[in-house]
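Q: Make a model of this:
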Amino acid sequence: MIREINYWLSEHPAIVGFRWSTDQLFGSTWFFLICSLSIYFLSTMALHHILSLFNRRRPIPLGPFPALHSLLMAMVSGVIFLGILLSTVAEIRDTRWAWRGRTHNSSMQWLLCFPPGTRPSGRVFFWSYAFYLSRFLHLFRAYFAILRRRRAPVARVFSHGAFVAMSFLWLEFSQSFQVLAILSTTLAYAVVFGYRFWAGVGLPVATGSAPVVLGCQFLNPDAVL
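A: Numbers count the residues shown, from 1 in each chain. Sure, this is the predicted structure:
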């Protein structure tokens, strides 16, 4: 079972042979990024102003959709966390990104700073791409917040959009520190959104779970939005 999970999340040929390309991958062009974020900003602002125009102050019932979205976000984040964790272990094992000099910690240095000339290819960048795509799924939280008449919709919208752009830049320029950032973010999302789903469907919440969720939100403020 463990070997199968490791194969499908870090050793599958599609993962090992991944390469960030603007010609073959969905959402990998600057044109797509600019257009999608423009549509997102305009549609959310339009929805907010329409509700304000009709003086709609009461939240609009959304039924099970927020809870289902939370479940999907928790599952996707959990898979990405486990995938990039196993991929990181595999990269350290293979020392494919080891610096010259072969010091005792050379295989770990790329966690904080990629060596010059690192190309966005291989296991870790596959999961970085999956994380980038998952940011678009997260954008629905802004629509939910507007329909529920929550406060600070503008800050929420721009925060979500900025995270999408940042995830794109991680891939486009092979930016350092993204491994730890994705690990911490997806772990926080898995906990926070799992909790939201659990509470959203009316299931009993375990005593002492709230501080854990608040801790994840404190470490990753974007999970609060």
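Q: Run a quick neighbour tally on V79.
A: As a burial measure, V79 scores 17 neighbours (other Cβ atoms under 10 Å). Where C-beta positions appear, they are placed from N, C-alpha and C, glycine not excepted.
Q: any idea how far it lies from F197?
A: Separation of V79 from F197 (Cβ to Cβ, to the nearest Å): 15 Å.
Q: Show me the shaky parts of the chain.
A: Low-confidence segments of the chain (pLDDT under 70): 55-57, 95-111, 150-152, 203-225.
Q: Now do the helices in it.
A: 2-6, 13-16, 30-53, 65-94, 123-138, 140-147, 153-172, 178-200, 209-219 (DSSP state H).
Q: quick one: L187 and L82, what's the gap?
A: As for L187, its distance to L82 is 10 Å (criterion: Cβ to Cβ).
Q: And L42, by the same measure?
A: 36 Å.
Q: neighbour count winner among the two?
A: Legend: neighbour count by other Cβ under 10 Å for L42 and L82, higher for L82 (18 against 10).
Q: Going by neighbour count, list what's buried in stretch 174-181.
A: S174, Q175, S176, Q178, V179, A181 (16 or more other Cβ atoms under 10 Å).
Q: ugh, wrong one, I meant stretch 154-163
A: R156, V157, S159, H160, G161, F163.
Q: What distance do you get for the residue nearest to the spatial centre of the chain to G161?
A: In the chain, the centroid-proximal residue (Cα atoms, centre = their mean) is F131; its distance is 4.4 Å. In this view, F131 and G161 are 16 Å apart by Cβ to Cβ.
Q: just S21 next, same as before
A: Counting by Cβ to Cβ - S21 and G161 are separated by 24 Å.
Q: One more: L112?
A: For L112, the distance to G161 - Cβ to Cβ - is 27 Å.
Q: ok, F81 - how many residues close by?
A: Using other Cβ under 10 Å: F81 sits among 21 other residues.
Q: correction: I5
A: Around I5 there are 12 residues (other Cβ under 10 Å).
Q: G63 now?
A: Counted with other Cβ under 10 Å, the neighbours of G63 add up to 7.
Q: So what does it look like in phi/psi?
A: According to degrees, to the nearest 10, the main-chain angles of G63 amount to phi 60, psi -140.
Q: Test my guess that Y132 contacts E172.
A: No. Checked against Cβ atoms under 8 Å, the pair Y132 and E172 is beyond contact range at 9.9 Å.
Q: Sweet, I'm off.
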